[in-house]
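Undergrad: build me a structure from this.
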Amino acid sequence: MLEARARELMDKSGPRVFSRIPRASLAGLIGTIVAIAPGQQVSSPQDKKPNSLGPLSFRAHKVAVPPQIDGVIGPEEWANASTASKFIDRQHQPEQGKTTFYLQYDDKYVYFGAVIAESHRPKATATGTNVPFGIDDIFVLQLDTFGEGRVEGFNFCSINGRGATSFRKAGGSSQKREWRGSFEGAANIAGDGWAVEARVPWSILRIPKSGIRNLRFNFARTDSVTENPYWYYLAKDTENVSGAVWEGVNVPPVQTQNLWKFLPSVSAIAGDGKSQFRPSLDMRGFLNDKYEFSGVLFPDFSLVSRAATPLGFSHFEILEPETRPLFEEGSGYFDGAQSIFVTQRIRRFDFGGRFYGSPTPSMRIGVNSTIAFDGETTLAASLAGNQGPNRSYTLGFASLKSLTQPSNDAVSGTYYSTSGAWNFGAAGALTSDQEAQVGTQLSLSSNYYYGGFSARAYGEQIDGSFMPRLGYVSETGVRSVGGATSYSFSALKKWLTSAYISVSHGHTWTTGGRLAHESTGAFGAIDIKKAMSLGLDASSGSFGGTKETRLGFFLSFPNSNAPWSVSLNNSVSKFGDLDTDLRSLNLSYTDPGSRWAVSGGITQYTAEEVFIQRYLSLAYKLGPYDNLSLSMLNDQGQTNFAIQYARHNNKGIEYWFSFGDPSAAKFKPTIIARIAFPIK
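TA: Model prediction:
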């Protein structure tokens with residue numbers, strides 16, 4: 001989906017995010033970007049030294065008379081707006097066509113518009129507010145109200161050629177429209193392109209204290225004909241902030257819209273000769289202009305589909321995907337505790353709450369707490385901050401108190417520093433467990449980036465008594481060293497979009513000095529324009545003194561925005577005398593009008609036994625907010641399916657009906673009805 005691609009590619013346009021796994025960077029992602037600011041001559045960043053706020057700056061303009069949102073860019077309405085063209089693609093080449101953006105504000109709204117001149121009409125099928133776009137062409141404003149230029153700090157405001165809109169709030173947000181917020185947009189399609197206008201209420205944004213501020217922004221669009229996304233701005237490999245600077249915005253004193261929201265719901269479930277009612281209460285509020293709270297009392301996950309157990313051979317635990325809505329709230333504010341806290345460890349709770357926000361523009365705080373009335377409580381806290389553009393740190397805390405398992409506390413911290421193409425990091429964690437006593441985890445890493453080349457080296461020690469019961473650690477009682485190098489390049493030939501290759505090696509010993517496991521691996525992948533993506537990986541090593549090898553490949557086609565897609569994966573491995581074979585086939589189709597979609601697949605894993613999973617999903621869009629769906633999962637001989645109707649993501653009352661329990665492992669005749677009604 002182009003919307004997902006635009007969101008993913010915003011991450012590419014943002015600064016490098018340094019973690020224990022380095023992100024490969026494509027060669028030459030940024031070219032010369034020409035800024036056209038009101039009252040200034042056209043200039044290039046190479047012609048004048050960038051100021052400390054970033055390579056591009058625009059003087060913000062506050063309008064006295066707001067523009068009419070009708071999809072027509074009136075010269076007088078946007079006469080003094082921040083404006084520029086010169087959009088670029090992944091390879092920093094000029095876009096096909098020409099995009100010109102406009103940006104201005106007043107005390108109530110941020111206004112943006114664009115004129116996209118091209119030789120074809122945009123693909124535009126979606127209508128409504130906060131709707132999925134499918135494979136539509138979209139234009140996106142990315143706005144960082146705190147001006148830090150970090151990827152997680154940008155709000156996404158997307159609009160298509162029919163004026164349909166979608167809003168994604170910085171830091172993660174609910175799918176409920178009243179909670180997520182919405183904005184007004186309009187569009188106009190002509191023979192030589194299209195135009196959009198929109199206004200975004202300040203009240204749906206998390207904004208700093210009122211007064212003169214420097215914000216950051218970016219614009220992007222997708223094109224289903226050229227099958228390329230385009231941006232106004234792309235960060236260089238050595239840049240740790242993203243977005244053009246919007247200078248001198250007089251941020252108004254705004255009370256966040258709908259300060260508190262309550263969403264009570266009731267589910268009625270009948271099946272297996274029994275019936276029950278499940279009341280639930282979701283709540284969300286803004287404590288002030290810096291902090292939000294999301295919570296749920298008596299959570300109801302009866303309509304959350306069960307995730308299939310991952311198939312395949314692994315020496316370590318594999319976590320299932322998190323699908324519970326509460327833990328999507330404020331997801332960008334919990335980076336500091338990720339080594340000692342994963343939400344999948346919370347199996348049950350009767351009350352859960354998340355508190356998150358930014359006490360300063362360079363700091364993010366998140367607190368997660370759950371209570372089960374049978375005696376189990378969890379608490380996790382995260383603090384992440386930046387010391388200028390080149391240094392960052394995190395602190396984390398997690399605590400488990402339970403009547404059924406040992407109590408546990410954990411703390412963690414990281415520190416990263418960047419100097420040019422080099423990045424250095426240190427991380428540590430300590431646990432105090434009622435059973436395992438005190439344990440520690442320490443690691444050091446170094447990364448180097450130059451163009452498409454990257455290299456990484458690391459060392460780590462984990463005590464045998466290290467036990468983060470709310471977190472994830474693959475193994476304990478070990479020392480590890482290793483490294484990896486990779487190279488990526490783009491558009492070498494007309495038929496080649498990009499290519500990537502990496503080589504890695506790692507050694508792990510027990511703390512007693514015995515070799516635990518070692519591995520050498522290689523991975524390569526290429527994207528062939530409009531045809532396919534394919535890759536190959538291989539590794540060889542040993543685990544616990546037993547030799548193991550692995551060979552795998554993947555293939556997906558077409559490599560385009562076609563309505564259908566096919567992907568194939570196969571990997572074979574040998575661990576001692578055990579031979580394994582994992583194969584999967586996945587297919588999907590979305591009709592050109594984006595009214596219905598179907599996807600299905602099969603996965604087969606062969607070891608000493610044969611395990612098979614099959615799934616099928618059908619969805620039909622009855623209206624902007626009304627959907628009919630069927631889901632089926634056959635997992636190792638047990639089959640479950642559900643047929644559901646939902647009116648969701650609209651303003652006002654929402655309701656769901658389901659024949660079959662989507663959260664069950666095996667089908668039993670069950671009827672589930674749920675109604676939710678918001679209270680301001």
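Undergrad: so which residues of the stretch 1-150 of the chain form strands?
TA: Listed in chain order, the strands of the stretch 1-150 of the chain (DSSP state E, counting those that start in this stretch) span residues 57-59, 82-84, 98-105, 109-117, 138-144.
Undergrad: can I get these in CSV including distance to W202 and mean neighbour count?
TA: Where C-beta positions appear, they are placed from N, C-alpha and C, glycine not excepted. Putting the strands of the stretch 1-150 of the chain into CSV (distance: least, CB to CB, whole Å; neighbours: other CB atoms under 10 Å) gives the following:
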stretch, distance to W202, mean neighbour count
strand 57-59, 18, 19
strand 82-84, 17, 23
strand 98-105, 8, 22
strand 109-117, 7, 24
strand 138-144, 11, 27
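Undergrad: tell me the secondary structure for G332?
TA: Secondary structure for G332, judged by DSSP: H, G, I helix; E, B strand; the rest coil, is helix.
Undergrad: what's the neighbour count on it?
TA: 19 (other CB atoms under 10 Å).
Undergrad: next: the one 3 residues further on.
TA: Counted with other CB under 10 Å, residues neighbouring D335 total 20.
Undergrad: now it: phi and psi?
TA: phi -60, psi -30 (degrees, to the nearest 10).
Undergrad: got a list of what it touches?
TA: E152, R364, S382, A384, T394 (CB atoms under 8 Å, 6 or more residues apart in numbering).
Undergrad: relative to A436, how far out is the nearest residue to Q405 once chain neighbours are set aside?
TA: Spatial nearest neighbour of Q405, chain neighbours left out: R469 (7.1 Å); criterion: CB to CB, 6 or more residues apart in numbering. Distance, R469 to A436, by CB to CB, to the nearest Å: 9 Å.
Undergrad: then G113?
TA: 59 Å.
Undergrad: which of the helices and strands in this structure ranks last by mean pLDDT?
TA: Of all helical and strand segments in the chain, the minimum by mean pLDDT, DSSP states H and E falls on helix 2-13, at a mean of 38.
Undergrad: what's the neighbour count on R354?
TA: 26.
Undergrad: that one pairs with what?
TA: S294, N368 (DSSP bridges).
Undergrad: same check, this time on F112
TA: According to DSSP bridges, beta-bridge pairing links F112 with L103, A198.
Undergrad: mind listing what the nearest residue to M532 once chain neighbours are set aside touches?
TA: Distances taken as CB to CB, 6+ apart place F557 nearest to M532, at 3.8 Å, with adjacent residues excluded. By CB under 8 Å, 6+ apart, the contact list for F557 reads A531, M532, S533, S565, V566.
Undergrad: how near is D192 to I371?
TA: Taking CB to CB, one finds D192 at 60 Å from I371.
Undergrad: poorly predicted segments of the stretch 51-200 of the chain, please.
TA: Across the stretch 51-200 of the chain, the ranges flagged by pLDDT under 70 are 51-55, 171-180.
Undergrad: spell out the secondary structure type for the residue lying closest to F453 once chain neighbours are set aside.
TA: The shortest distance from F453 to any non-neighbouring residue, by CB to CB, 6+ apart, is to Y487 (5.1 Å). The three-state label given to Y487 by three-state DSSP is strand.
Undergrad: I figured Y487 was touching Y450, is that so?
TA: No. Using CB atoms under 8 Å, Y487 is not in contact with Y450; the gap is 9.9 Å.
Undergrad: for D374, which non-adjacent residue is spatially closest?
TA: With sequence-adjacent residues excluded and distances taken as CB to CB, 6+ apart, D374 is closest to L403, at 7.2 Å.
Undergrad: so that neighbour sits right up against T377, yeah?
TA: No. Using CB under 8 Å as the test, L403 is too far from T377 to be in contact (10.2 Å).
Undergrad: quick check on these two: which one has the bigger neighbour count.
TA: Taking other CB under 10 Å, L403 and T377 do not tie; T377 has more neighbours (16 against 9).
Undergrad: beta-bridge partners for the more buried one, please?
TA: Going by DSSP bridges, T377 forms beta bridges with I371, K401.
Undergrad: do the same with Y393
TA: Bridge pairing for Y393 - DSSP bridges - gives G385, Y415.
Undergrad: can you list the contacts of D335 in TSV and add neighbour count and distance to D577?
TA: As requested, the contacts of D335 are exported to TSV (neighbours: other CB atoms under 10 Å; distance: CB to CB, whole Å):
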residue	neighbour count	distance to D577
E152	18	47
R364	28	50
S382	25	45
A384	25	47
T394	21	44
